[in-house]
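> sequence isn't available, so here's the structure alone:
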């Protein structure tokens, strides 16, 4: 359609032409121009059924006869089309990427209205059949897309359990039994409570249970309750609403329960959970729903909880420091992980595994141990269990020149490990040890007594230090832990170790 001469003057379009006249003249010209310059044009009605498609578009998408697609829903011909959204909303989509097979089209979509403004359909134009015309924009888009995929993969990898039950090294009756119980627990979707001393492999078994369970494809999220300040535990576990407290993020922050949704949440050191939050955890376990801090909305969850502790929960329940109803809710499936000293026959296998792991991380050849060295290590108490044994082997590697390690190489390291009391408890232990030593010297002059091993002497001194602290604090264990300079978890562990856990 050409512009009439009465719409022109010597400068071109006349000034003051009415909007109606301008629209009547310009719109057909705009359509003709877009239809001619674009790579394809398509029109749909209010039901998003195709009413027209030009030959260029039909040829581009492999349709020999454009009339064969008339009346079909647009998604049947163009699966990624969003013309239906334009029809439903009445709003244009000025620039978008539409996938078709292996290609991406740069498209624009506009609603169609009649003279009364009633929506009657929509038009779609393929501006470019290749995104090369938007190369700078597409380059940024591709970089961001690649980074997003890489970040998602890394996040999924970080939330994936790495260990299996077979990774719990040992064939002793004690090790075989705990692995049998773990495999049984994996088949049931109940809460699990894993108990054992520090360094025995509680998280390894938790990951193994997750990997063998129907939730294996879901996330595995581990939280050390003792490592979170008491004031932040609720926000960390249950999340926060926007501006829930002073200094909180203006955006909502999801907690670890939501992160673990569909998978497993491992709560390590559950005995250190503040008493005020134990009721909230109990509700989550019973109802499978959470209420973020500062929110009035309840969110449904599908999470399995595996808890672990190395302290005497029964003693904490009796002392009123742990809710008995939460204890019973956690203690549905109980696993007791044996300490290393109770499965001494597994120690050579554990040593071999640890040596291979150290070699892989250090890039050096695996160390070799003589028979007398292995025998020496098999007869140690290993209060820190596998973690302590691994630490000793790494220190041995750093202190030798690569020759096969003999018992004599480990003796100084073992003596060093057992002679380091933790300050400021050192003062109490030193006093207790000095008193014992002075008494020993006084007695030695008249009645020589047999010498004790250094580790036994230190253990006795530590026991006396614990008793002195409890006596000075009138049985208040929180104060005693503070005075000794150790955490409450460490205090409970030491009390249990020395048979002082009962009040």
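That came through fine. These numbers were taken from a predicted model, which means no experiment stands behind them. Numbers count the residues shown, from 1 in each chain.

> so what's the gap between the lengthiest helix in the chain and the chain middle?
Ordering each helix of the chain by length in residues (DSSP state H) puts helix 135-158 first. With C-alpha atoms, centre = their mean, to the nearest Å as the basis, helix 135-158 stands 20 Å off its chain's centre.

> run through who's touching the helix or strand following that helix.
Tracing the chain past helix 135-158, the next element assigned as helix or strand by DSSP states H and E is helix 173-187. The contact list for helix 173-187 (C-beta atoms under 8 Å, 6 or more residues apart in numbering) reads 165-166, 168-170, 192, 205, 208-213, 333, 335-338, 342-343, 346. Where you see a C-beta, it was placed from the backbone N, CA and C, and this is true even at glycine.

> contacts only, for the closest residue to residue 369 other than its chain neighbours.
Closest residue to residue 369 apart from its sequence neighbours, by C-beta to C-beta, 6 or more residues apart in numbering: residue 405 at 5.0 Å. Contacts for residue 405 (C-beta under 8 Å, 6+ apart) come out as 367-370, 373, 396.

> state the mean pLDDT of stretch 335-353.
When pLDDT is averaged over stretch 335-353, the result is 94.

> next, count neighbours for the residue nearest to residue 258 when sequence neighbours are not counted.
Leaving out its chain neighbours, the residue that sits closest to residue 258 by C-beta to C-beta, 6+ apart is residue 239, at 5.8 Å. Number of residues near residue 239 (other C-beta atoms under 10 Å) recorded here: 23.

> and residue 239, how far from residue 273?
17 Å (C-beta to C-beta, to the nearest Å).

> residue 360 too?
Relative to residue 273, and taking C-beta to C-beta, residue 360 is found at 36 Å.

> who has more neighbours, the two?
residue 273 (23 against 10).

> all the helices of the stretch 301-450 of the chain, in order from the start?
Under the criterion DSSP state H, counting those that start in this stretch, the stretch 301-450 of the chain contains helices at 313-318, 324-330, 347-362, 371-378, 385-399, 407-417, 425-446.

> buried residues, the third one. List them.
Think helix 347-362. Across helix 347-362, burial judged by 16 or more other C-beta atoms under 10 Å covers 347-348, 350-351, 353-355, 358.

> and those residues, which is closest to residue 217?
When the buried residues of helix 347-362 are compared for distance to residue 217 (C-beta to C-beta), residue 353 wins out at 27.4 Å.

> what sits against the spatially closest residue to the closest one that is not a sequence neighbour?
Spatial nearest neighbour of residue 353, chain neighbours left out: residue 169 (4.9 Å); criterion: C-beta to C-beta, 6+ apart. Neighbouring residues of residue 169 by C-beta under 8 Å, 6+ apart: 175, 346, 349-350, 353.

> dump the residues you listed to a markdown table, plus distance to residue 377.
Below are these laid out as a markdown table (distance: C-beta to C-beta, whole Å):
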| residue | distance to residue 377 |
| --- | --- |
| 175 | 17 |
| 346 | 12 |
| 349 | 12 |
| 350 | 9 |
| 353 | 13 |
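
> which other helices and strands contact the longest helix of the chain?
Counting contacts by 3 or more C-beta pairs under 8 Å, 6 or more residues apart in numbering; DSSP states H and E, helix 135-158 is packed against no other helix or strand.

> any idea of the mean pLDDT for stretch 38-49?
Stretch 38-49 comes out at a mean pLDDT of 90.

> can you list the buried residues in that stretch?
38-45, 48-49.

> mind listing which of these are in helices?
Per DSSP H, the buried residues of stretch 38-49 never map to helices.

> now do stretch 226-239, average pLDDT.
The model assigns stretch 226-239 a mean pLDDT of 89.

> end to end, how far does it reach?
Distance between the boundary residues of stretch 226-239 (C-alpha to C-alpha, to the nearest Å) amounts to 18 Å.

> phi, psi of residue 220?
With angles defined as degrees, to the nearest 10, residue 220 sits at phi -120, psi 110.

> now do residue 298
According to degrees, to the nearest 10, residue 298 has phi -100, psi 130.

> I'd say it and residue 292 touch.
No - taking C-beta atoms under 8 Å as the definition, residue 298 is not a contact partner of residue 292, at 9.3 Å.

> who has more neighbours out of the two?
Each of residue 298 and residue 292 has its neighbours counted (other C-beta under 10 Å); residue 292 has more, 24 against 12.

> looking at it, that one is touching residue 255, isn't it?
Yes - contact status for residue 292 versus residue 255: in contact at 6.7 Å, counting by C-beta under 8 Å.

> give me the common contacts of the two.
238-240.
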